[in-house]
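[1] What follows is a predicted structure for the sequence shown.
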Amino acid sequence: MDIVIRAAEPGEYGILGEITAEAYLRDGLLDFGESDAYLEELRDVAKRAAAAEVLVAAADGKVLGGVTFVPSGGPMADIAGPGEAEIRMLAVAREARGRGAGEALVRACVERARAVPGCVRLVLSTQPTMHAAHRLYERLRFVRVPERDWNPLPDLDDITLLAYALTL
């Protein structure tokens, strides 16, 4: 299967939004309910595309997954500081997992970060339970930066996202 990484097209926003929401919800990564505002944020690909670069992995005309690449700051950045780009909302459809789509999306973000003038690091946040993602990031030479771990929902003490960084 030949996987192509490219910019998401507006006609694909709905399917990518559902892939992203389902990946987080069905994998138990959202435990605060389907009505949660973050679930709607995951589905709102048009909003992400207006503020950052949304990429899809596609094969045989079908969207397998996607990621949001945030070049330097901007409204989509969670943890990126000066000289850093960020990966957000990486998700691959359950039926497409294990075929290299996630790795291809992360590699595309690395390439884009290297092309951003003044960018020295690529950062991301991940949930502690995302073990397959951790293995992928570590295989691609990302390292844990525990001093940058953070809680996106301060009202809920049990949610801490782990930070990873790749020096370019």
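    It's in.

[2] okay, CA-based contacts and neighbour counts for the rest of this
    Fine.

[3] Could you pull out the helices in this protein for me?
    In the chain, the helices defined using DSSP state H lie at 13-26, 37-43, 45-51, 101-115, 131-139.

[4] Give me the angle between the fourth one and helix 131-139.
    So the one you mean is helix 101-115. For the pair helix 101-115 and helix 131-139, the angle between their directions (axes from the mean of the first three to the mean of the last three CA atoms, to 10 degrees) equals 40 degrees.

[5] Now helix 101-115: average pLDDT?
    Here the mean pLDDT over helix 101-115 is 98, rounded to a whole number.

[6] Please apply the same query to the first one.
    Here helix 13-26 scores 92 as its mean pLDDT.

[7] Can you list the low-confidence ranges for the protein?
    Using pLDDT under 70 as the threshold, the predicted model of the chain has low-confidence ranges 27-36, 153-158.

[8] returning to what we had before: with distance to Lys62 and mean neighbour count as new columns, can the helices of the chain be given to me in TSV?
    As requested, the helices of the chain are arranged in TSV below (distance: least, CA to CA, whole Å; neighbours: other CA atoms under 10 Å):
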stretch	distance to Lys62	mean neighbour count
helix 13-26	10	20
helix 37-43	18	16
helix 45-51	17	17
helix 101-115	12	20
helix 131-139	22	14
